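Participant: curious how this folds, go ahead:
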Amino acid sequence: MQLSDDGFNWLMWLLFEQGLWIVWISTPIWWPALRVLIQRGRLPRPLAYITVCAALGYGFVAAVLLVAVVPVKVIGIYLVPQLLEAGIAGGEQLQAADQEMSFLTAALLFSVPFAAIFGSRTLTRRWPALCGLGTSNDRTTG
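Facilitator: Coordinates of the predicted model:
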């Protein structure tokens with residue numbers, strides 16, 4: 001079986017798009033890794049730093065989804081049809097809010113790199129203090 005030129009171009013476009021999506025969504029992992037490799041002053045415990053930055057980046061998105069999107073979607077699935085069927089006021093507004101949450105979900109997926117970059121910048125400044133360097137519990141003294 002041989003692909004036509006249009007089919008091959010379509011396949012290459014899909015592979016390119018999938019690659020961009022993987023790079024975009026994995027930003028909380030590779031951005032802190034680049035900061036660890038490029039930064040002049042070496043960060044203590046670099047693997048822990050990368051792990052914490054990734055957890056903060058993905059955790060921010062997951063927290064917003066759980067706090068804002070999931071309750072509205074649940075209301076939209078279970079309550080809105082009942083309200084619309086009964087003709088109770090407020091059903092249309094809840095249905096509109098449910099539809100707006102689809103846009104918020106898409107926006108959250110596109111905010112993953114921004115959360116990763118902001119989180120890593122904030123954490124880089126505080127990381128040595130969080131690791132306990134310069135305190136009396138430092139393992140290198142003694």
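Participant: how about the residue lying closest to residue 65 once chain neighbours are set aside, what does it touch?
Facilitator: Leaving out its chain neighbours, the residue that sits closest to residue 65 by CB to CB, 6 or more residues apart in numbering is residue 108, at 6.3 Å. No exception for glycine: its C-beta is placed from N, CA and C like everyone else's. Residues in contact with residue 108 (CB atoms under 8 Å, 6 or more residues apart in numbering) are 61, 64, 65, 69.
Participant: report the contact partners of the closest residue to the last one other than its chain neighbours.
Facilitator: By that I understand residue 69. Leaving out its chain neighbours, the residue that sits closest to residue 69 by CB to CB, 6+ apart is residue 101, at 5.2 Å. By CB under 8 Å, 6+ apart, the contact set of residue 101 is 68, 69, 72, 73, 76.
Participant: tell me which helix or strand residue 101 sits in.
Facilitator: Per DSSP states H and E: residue 101 is located in helix 91-110.
Participant: after the helix or strand of the chain with the lowest mean pLDDT comes which helix or strand?
Facilitator: Lowest on mean pLDDT, DSSP states H and E among the helices and strands of the chain sits helix 91-110, with a mean of 85. Following helix 91-110 in sequence order, the next helix or strand is helix 112-130 (DSSP H and E).
Participant: now do that following helix: which elements does it pack against?
Facilitator: Helix 112-130 is packed against helix 5-25, helix 27-38, helix 46-64, with contacts defined by 3 or more CB pairs under 8 Å, 6 or more residues apart in numbering; DSSP states H and E.
Participant: mind listing what's buried in that helix?
Facilitator: In terms of neighbour count (16 or more other CB atoms under 10 Å), helix 112-130 has its buried residues at 112, 113, 115, 116, 117, 119, 120, 123, 124, 127.
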